[in-house]
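A.B. asks: sequence plus the predicted model coming up.
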Amino acid sequence: MTEIAFYLTVALYGAATLLYLSCLVRATPCQAITARRVLVIGFLAHCLAVIHRFIAAGHLPITNMHESLSFFALSIVGIYLYFETRYKVSTLGSFVVPFALLIISGAGLLPTTIKPLNPALQSAWIYSHTILAFGAYAFFTISCAVAVLFLIQSHFLKKKQLGNLFLKLPSLDVLDEIGYRCLAFGFPMLTVAIITGAIWASRAWGSYWSWDPKESWSLITWFIYAALLHGRLTTGWRGKRAAILTIIGFLIMLFTFIGVNLWLPGLHSYT
């Protein structure tokens, strides 16, 4: 059942990707509604796959790379659907949904075997720490897509190329607001995730902080988004530089999440 729901999710996300990308070429209200409906059905199938794996494993399914990538994609789609509903920005899906498809497709290429839970992970802290971390990562993913769109729209305005694509994409004001919301939600979630992770580490390994590669890169990620949020709140920092730093922050966050596990083994290598 889990595999059926998972591969159904991949197929639906693939169909949604094509529909959202087609919105960049010829956007109509009906087309946008269809893309959203397919994505919602895919999201529900994804929830079913995660819930079924949770029941089969007896714990939150985020303890290996297959499960982590799947949960990451689920978080991205869920949060994106909120922003599309709130701001009516279906063309943002043309940049977010393909990435979610890439992530879940990567998960499908990895071993799906359910293994006994590592003793260090047998704690209630797994729920607060990991769910908050994935939520923050998903918000930062959306903020990266928004930053890319912001740079594209700024380029069109600078060159005075106000063609069809410019008209289809969200305005700079809308993009700026969504980007701020992503920071306002994502940064506190990341902060609390790091704090709860430190408490969990103390219970599991006897130390709040050991400068494990994942911990170190998580701190680097935190400083980048702290600088972004501080700049926005104190100096009204916006524009091209903020968009570029947002993209850099996302790339470092992605390395923290995936690259560290692959290339910098440490206490978190079991994920």
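C.D. replies: Great, that's in hand.

A.B. asks: end to end on stretch 19-32, go ahead and measure it.
C.D. replies: Terminal residues of stretch 19-32 are spaced 8 Å apart (Cα to Cα, to the nearest Å).

A.B. asks: quick one: contacts for S154?
C.D. replies: L172, G239, K240, A243 (Cβ atoms under 8 Å, 6 or more residues apart in numbering). Using the backbone N, CA and C atoms, a C-beta is placed for each residue, glycine as well.

A.B. asks: ok, and the closest non-adjacent residue to the last one?
C.D. replies: Yep, that's A243 we're talking about. A147 (4.0 Å; Cβ to Cβ, 6 or more residues apart in numbering).

A.B. asks: the one you found: neighbour count?
C.D. replies: 23 (other Cβ atoms under 10 Å).

A.B. asks: ok, so what distance separates it from L219?
C.D. replies: 22 Å (Cβ to Cβ, to the nearest Å).

A.B. asks: name the nearest of the contacts of S154 relative to Y225.
C.D. replies: A243 (13.8 Å; Cβ to Cβ).

A.B. asks: what's the burial count for the closest one?
C.D. replies: Neighbour number of A243 under other Cβ under 10 Å is 23.

A.B. asks: what strand or helix carries it?
C.D. replies: Following DSSP states H and E, one finds A243 within helix 240-254.

A.B. asks: helices of this protein, start to end?
C.D. replies: Per DSSP state H, the chain carries helices over the ranges 2-25, 29-57, 65-87, 93-108, 125-159, 164-168, 172-205, 213-235, 240-254, 260-263.

A.B. asks: so which of those is nearest L117?
C.D. replies: helix 29-57 (7.8 Å).

A.B. asks: ok now the closest one, how far from the chain's centre?
C.D. replies: Distance, stretch centre to chain centre, for helix 29-57: 16 Å (Cα atoms, centre = their mean, to the nearest Å).

A.B. asks: which positions within stretch 80-93 qualify as buried?
C.D. replies: Y80, L81, F83, E84, V89, S90, T91, L92, G93 (16 or more other Cβ atoms under 10 Å).

A.B. asks: return it as PDB; C-alpha atoms alone will do.
C.D. replies: Presented in PDB, the C-alpha positions along stretch 80-93 are these (Å, rounded to 0.1, in the frame of the first residue of the first chain):
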ATOM      1  CA  TYR A  80       3.200  25.900  -1.300                       C
ATOM      2  CA  LEU A  81      -0.500  25.100  -1.400                       C
ATOM      3  CA  TYR A  82      -1.100  27.500   1.500                       C
ATOM      4  CA  PHE A  83       0.600  30.300  -0.300                       C
ATOM      5  CA  GLU A  84      -1.200  29.600  -3.600                       C
ATOM      6  CA  THR A  85      -4.500  29.700  -1.800                       C
ATOM      7  CA  ARG A  86      -3.600  32.800   0.200                       C
ATOM      8  CA  TYR A  87      -2.100  34.900  -2.700                       C
ATOM      9  CA  LYS A  88      -3.500  33.300  -5.900                       C
ATOM     10  CA  VAL A  89       0.000  32.800  -7.300                       C
ATOM     11  CA  SER A  90      -0.300  29.700  -9.500                       C
ATOM     12  CA  THR A  91       2.700  30.600 -11.600                       C
ATOM     13  CA  LEU A  92       4.900  30.200  -8.400                       C
ATOM     14  CA  GLY A  93       4.000  26.600  -8.700                       C
END
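
A.B. asks: so for it, mean pLDDT?
C.D. replies: Model confidence over stretch 80-93, given as mean pLDDT, is 94.

A.B. asks: what helices or strands is the helix holding A243 leaning on?
C.D. replies: Under the contact criterion of 3 or more Cβ pairs under 8 Å, 6 or more residues apart in numbering; DSSP states H and E, helix 240-254 touches helix 125-159, helix 172-205, helix 213-235.

A.B. asks: single out the most deeply packed of the ones you listed.
C.D. replies: Among these, helix 125-159 has the highest mean neighbour count (mean count of other Cβ atoms under 10 Å), at a mean of 20.

A.B. asks: could you find the closest non-adjacent residue to S171?
C.D. replies: Spatial nearest neighbour of S171, excluding adjacent residues (Cβ to Cβ, 6+ apart): Q153 at 7.4 Å.
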